[in-house]
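Student: Attaching a predicted model along with its sequence, questions to come.
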Amino acid sequence: MNVLVTHPGRQHSHQAAVALERAGMLAGYWAGVPAVAEQAARAPALLRRRFRRYAPVPLDPRRVRWFPWTPALRRTGDALLPPGGAARVDFLACRLFDRWVAARLPRAGVDAVIACEISALATFRAARARGIATILDAPSLHHEAQDRLHGTTDPAALHRRITRIKDLEIACADHVLTVSELARETYLEAGVPAAKVHAVSLGADLELFAPEREPPAAGHDGFLFLFAGACLKRKGFDLLLEAFDRVAAAAPQARLRIVGPRGDCADLLEHRARGGIDVAGAVDQRQLARELQQADCLVLPSRNDSYGMVVAEALASGLPVVVSDMVGAKELIAPEVNGWVVPAGDAAALAERMSWCVRHPAAVRGMREQCRRSAAGATWPGYHRRLAELMRRLVPQGAAA
């Protein structure tokens with residue numbers, strides 16, 4: 001079995017490539033981000049800083065290809081255009097990558113191809129013409145669920161084009177891979193046959209994300225909540241600020257640290273008093289691990305998060321979490337044991353749970369060992385095994401179809 005993995009960026013696609021290489025199934029890994037050191041060294045100066053946060057992937061360089069035009073276009077759009085224009089450039093970059101893969105697919109000698117949404121349509125059409133199995137990497141909820149939960153900030157015409165492409169990709173796919181049961185359910189609700197949609201939950205690096213040898217002492221400098229992610233409405237950032245205002249009004253010792261890039265809600269921080277709030281900006285993985293070690297509780301109140309990698313990373317670090325019921329990684333949460341699940345979109349319920357945490361710091365910090373244990377199954381080696389086993393079952397069916 002020879003499987004090609006493609007992605008216009010990276011996300012978790014490199015982990016899929018590693019899984020297949022270790023199982024002896026990888027035909028190639030083609031991406032928009034350099035995967036091996038030799039590629040990164042050849043990157044234009046404009047892109048080198050952006051690529052620093054991507055670690056090299058342990059793959060055979062002979063199986064790796066890099067398409068630099070996709071990140072170059074994205075970088076240009078982000079730097080020179082307003083959000084609507086940047087979104088259009090991002091869409092065109094994904095479509096260009098898709099056509100680049102499709103043009104080279106006939107010579108790849110593969111049995112199956114895994115391609116990411118918005119960059120899979122041309123690839124899948126070329127694959128189906130040659131009897132190659134088509135597997136859609138769907139890192140998000142189904143677009144109908146996303147629109148229902150929080151809408152879009154993209155221009156209307158562009159949004160229609162994107163959803164049209166996504167629907168055509170689903171129709172062309174023999175199988176769809178989601179990252180959680182929550183995400184899988186949204187595809188079933190949209191009418192995609194259950195036998196076609198498969199959930200393969202992601203993992204965390206338990207060596208990088210680990211508790212401090214000496215946990216923070218009870219009563220240390222107040223109670224510290226951590227939000228790690230982009231400041232997006234989709235991630236419930238506006239709800240978090242509203243909830244924290246309520247918490248801090250009654251408990252001045254509560255603090256909130258925000259780690260991650262700017263997003264569509266970032267302006268909410270600039271037009272309010274920042275009492276008890278500390279903004280750190282984007283960090284790399286090692287810095288994130290330190291942030292998780294130093295906090296008392298992670299908060300992720302997303303309106304839509306197909307998985308929420310930081311939840312697994314927090315648990316691996318021994319950090320209890322508060323998540324909404326629209327976070328896919330909620331399947332890792334045992335309420336009152338390693339965290340809590342609150343209703344999505346409910347700032348009052350979020351504030352109530354956060355206030356309880358501030359009033360009971362010893363109980364929260366006492367969950368650290370259970371948190372670490374609950375992350376034992378959410379590892380990248382576990383993901384590698386699950387994906388390889390699934391591919392062994394799926395590819396013969398897809399190829400026959």
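Tutor: It's in.

Student: which residues of the stretch 51-200 of the chain score low on pLDDT?
Tutor: Within the stretch 51-200 of the chain, no stretch falls below the threshold (pLDDT under 70).

Student: what do you get if the cut-off is 90, keeping everything else the same?
Tutor: 51-56, 68-85, 150-153 (pLDDT under 90).

Student: residues of the host helix or strand of residue 4 that come out buried?
Tutor: Assigned by DSSP states H and E, residue 4 belongs to strand 3-7. Using 16 or more other C-beta atoms under 10 Å as the test for burial, strand 3-7 gives 3, 4, 5, 6, 7. In short, each C-beta sits where N, CA and C put it, glycine included.

Student: now stretch 245-255
Tutor: Under 16+ other C-beta under 10 Å, the buried positions of stretch 245-255 are 245, 246, 247, 248, 251, 254, 255.

Student: Run the chain-centre distance for it.
Tutor: 30 Å (C-alpha atoms, centre = their mean, to the nearest Å).

Student: hey, C-alpha coordinates of that stretch in CSV?
Tutor: Taking C-alpha atoms only, stretch 245-255 is exported to CSV below (Å, rounded to 0.1, in the frame of the first residue of the first chain):
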residue,chain,number,x,y,z
ASP,A,245,-14.8,40.3,34.3
ARG,A,246,-17.5,38.7,36.5
VAL,A,247,-15.0,36.5,38.3
ALA,A,248,-12.5,39.3,38.9
ALA,A,249,-15.1,41.6,40.3
ALA,A,250,-15.7,39.2,43.2
ALA,A,251,-12.2,37.7,43.4
PRO,A,252,-9.4,40.3,42.7
GLN,A,253,-6.8,37.6,43.2
ALA,A,254,-7.9,35.9,39.9
ARG,A,255,-5.7,36.5,36.9
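
Student: so for that stretch, what's the average pLDDT?
Tutor: Per-residue pLDDT over stretch 245-255 has a mean of 94.

Student: Now do that stretch: everything it contacts.
Tutor: For stretch 245-255, the external contacting residues (C-beta atoms under 8 Å, 6 or more residues apart in numbering) are 221-225, 244, 256, 275-278, 347-348, 351, 354-355, 358-359.

Student: if we go to 7 Å?
Tutor: Here stretch 245-255 makes contact (C-beta atoms under 7 Å, 6 or more residues apart in numbering) with 222, 223, 224, 225, 275, 276, 278, 351, 354, 355, 358.

Student: and stretch 258-267, how far apart are its ends?
Tutor: 14 Å (C-alpha to C-alpha, to the nearest Å).

Student: That one: how far from the chain's middle?
Tutor: 16 Å.

Student: and if you look at stretch 296-313?
Tutor: Using C-alpha atoms, centre = their mean, the offset of stretch 296-313 from its chain centre is 10 Å.

Student: Need the distance between the two termini of it.
Tutor: Note: stretch 296-313 ends 14 Å apart using C-alpha to C-alpha.

Student: For that stretch, list every residue counted as buried.
Tutor: Quick answer for stretch 296-313 (16+ other C-beta under 10 Å): 296-313.

Student: now do stretch 117-135
Tutor: Result for stretch 117-135 [16+ other C-beta under 10 Å]: buried residues 117-128, 132-135.

Student: With stretch 49-66 instead?
Tutor: 54, 57, 59, 63, 64, 65, 66.

Student: Which residues outside that stretch are in contact with it?
Tutor: 10, 14, 17-18, 21, 26, 28-31, 33-40, 43, 71, 75, 284.

Student: what's the answer for stretch 325-344, then?
Tutor: Counting by C-beta under 7 Å, 6+ apart, 149, 179-183, 300-308, 311-312, 315, 320-324, 349-350, 353, 367, 370-371, 374, 378 sit against stretch 325-344.

Student: which residues in this structure form strands?
Tutor: 3-7, 26-31, 64-66, 112-116, 133-137, 175-178, 197-199, 223-228, 254-259, 277-281, 297-300, 321-324, 339-342 (DSSP state E).

Student: could I have the fourth one exported to CSV, CA atoms only?
Tutor: Extracted C-alpha coordinates of strand 112-116, given in CSV (Å, rounded to 0.1, in the frame of the first residue of the first chain):
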residue,chain,number,x,y,z
ALA,A,112,-4.5,6.4,-2.0
VAL,A,113,-4.2,10.1,-1.4
ILE,A,114,-5.0,12.0,1.8
ALA,A,115,-5.7,15.7,1.0
CYS,A,116,-6.9,18.5,3.2
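
Student: helices or strands next to that strand in the packing?
Tutor: strand 3-7, helix 121-128, strand 133-137, helix 380-400 (3 or more C-beta pairs under 7 Å, 6 or more residues apart in numbering; DSSP states H and E).

Student: and the longest one, average pLDDT?
Tutor: Averaging pLDDT along helix 380-400 yields 84.

Student: Give me the buried positions along it.
Tutor: Here helix 380-400 shows 380, 383, 384, 386, 387, 388, 390, 391, 394, 395, 398 as buried, counting by 16+ other C-beta under 10 Å.

Student: thinking residue 139 is in contact with residue 10, fair?
Tutor: No. If you go by C-beta atoms under 7 Å, residue 139 and residue 10 don't touch, sitting 11.0 Å apart.

Student: Can you check which residues contact both of the two?
Tutor: Joint contacts of residue 139 and residue 10 (C-beta under 7 Å, 6+ apart) do not exist.

Student: Scan the contacts of stretch 245-255 and report the most crowded one.
Tutor: The most crowded member of the contacts of stretch 245-255, judged by other C-beta atoms under 10 Å, is residue 354 (27 neighbours).
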